[in-house]
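S.K.: Predicted structure and sequence below. I'll ask about it afterward.
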Amino acid sequence: MTIDLLFPTPVYRVVDTENFLDRPRLLESCLEVVARREVQDRLSNPFHRVASSHLVADRLHLEPRFSGLKRFVEKHAGKFSRSLGYPSGKPRIRQMWVNAGKPGDFVYPHAHPGRNVFMAGVFYVKCDKRDGISILSQQSREEPEVTTPLSTTGQYYEGQEGRLLLFRADTLHGTFPQKGDSRVIISFNLALDDAD
Ligand SMILES: [Fe+2]
């Protein structure tokens, strides 16, 4: 007999080991965004139990202080999209926002569907190792007695400062209640533009 394993869930990950990005400055910029009055006023979103600029300030990629991160993300998104079979596409950020959590904060499992959203991702500016992200299966099924490589429904990535994760926009993901004091991440959605 044979059991075939079909349809992978690709997750691209890379760490900024060469410090291409100035993380202390990025952190400062993120905290300034989250401290804005309009962001503070929207903290009651039931799907994001975390301070997030998602609904009110999601065009951070257009601000010069985030341009280095934009280049970094789009460079890696290009590599990822080529490996997914889009050699002539140029992934470009369309939304970019900040989440800044406090202990106990979490984000329910969700995906990033939307018109022209090809890929989504997250960059860890500041975090505790214990505050990572879970990538989850879309399928619901009877909980197995023992999880085997064929019945796993999730993969946990621990928190790592300076790491970028990219995944298809329909990939389900979420976080557990935050354990560390501070967790500041930048999220983004990308569209696949034609190369010019
Ligand atoms: Fe998300």
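M.R.: Done, it's in.
S.K.: which residues does Glu74 contact?
M.R.: Residues counted as contacts of Glu74 (Cβ atoms under 8 Å, 6 or more residues apart in numbering) are Lys90, Pro91, Arg92, Ile93, Leu190. Quick note: C-beta positions are derived from backbone N, CA and C, even for glycine.
S.K.: Let's see which of those residues end up in strands.
M.R.: Using DSSP state E, the members of the contacts of Glu74 that fall in strands are Lys90, Pro91, Arg92, Ile93, Leu190.
S.K.: Adding neighbour count, write the residues you listed out as a markdown table.
M.R.: Output for these, formatted as a markdown table (neighbours: other Cβ atoms under 10 Å):
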| residue | neighbour count |
| --- | --- |
| Lys90 | 16 |
| Pro91 | 27 |
| Arg92 | 17 |
| Ile93 | 22 |
| Leu190 | 29 |
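S.K.: Return the distance of the residue positioned nearest the centre of the chain relative to Ser67.
M.R.: For the chain, Val122 is the residue whose C-alpha lies nearest the centre (Cα atoms, centre = their mean; 2.6 Å). In this view, Val122 and Ser67 are 18 Å apart by Cβ to Cβ, to the nearest Å.
S.K.: And for Val14?
M.R.: If you go by Cβ to Cβ, the gap between Val14 and Ser67 works out to 19 Å.
S.K.: likewise Ser140?
M.R.: Here the criterion is Cβ to Cβ. By it, Ser140 lies 41 Å from Ser67.
S.K.: neighbour count winner among these two?
M.R.: Neighbours around Ser140 and Ser67, counted as other Cβ atoms under 10 Å, are more numerous at Ser67. The numbers are 11 against 7.
S.K.: quick one: the more buried one is in a helix?
M.R.: Yes. Under DSSP: H, G, I helix; E, B strand; the rest coil, Ser67 sits within a helix.
S.K.: For the protein, which segments count as helices?
M.R.: 23-35, 37-40, 67-83 (DSSP state H).
S.K.: any chance of the ones you listed in a markdown table, with distance to Arg168 and mean pLDDT too?
M.R.: Shown next, in a markdown table, are the helices of the chain (distance: least, Cβ to Cβ, whole Å; pLDDT from 0 to 100):
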| stretch | distance to Arg168 | mean pLDDT |
| --- | --- | --- |
| helix 23-35 | 25 | 94 |
| helix 37-40 | 28 | 77 |
| helix 67-83 | 9 | 97 |
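S.K.: got those helices as JSON lines, with distance to Trp97 columns?
M.R.: Listed next are these as JSON lines, based on distance: least, Cβ to Cβ, whole Å:
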{"stretch": "helix 23-35", "distance to Trp97": "8"}
{"stretch": "helix 37-40", "distance to Trp97": "9"}
{"stretch": "helix 67-83", "distance to Trp97": "12"}
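S.K.: Phe176 is nearest to which of those helices?
M.R.: helix 23-35 (20.7 Å; Cβ to Cβ).
S.K.: Give me the contacts around that closest one.
M.R.: Residues from elsewhere that reach helix 23-35 (Cβ under 8 Å, 6+ apart): 16, 39-40, 51-53, 57, 60, 63, 65-66, 69, 98, 100, 125-126, 161-162, 184, 186.
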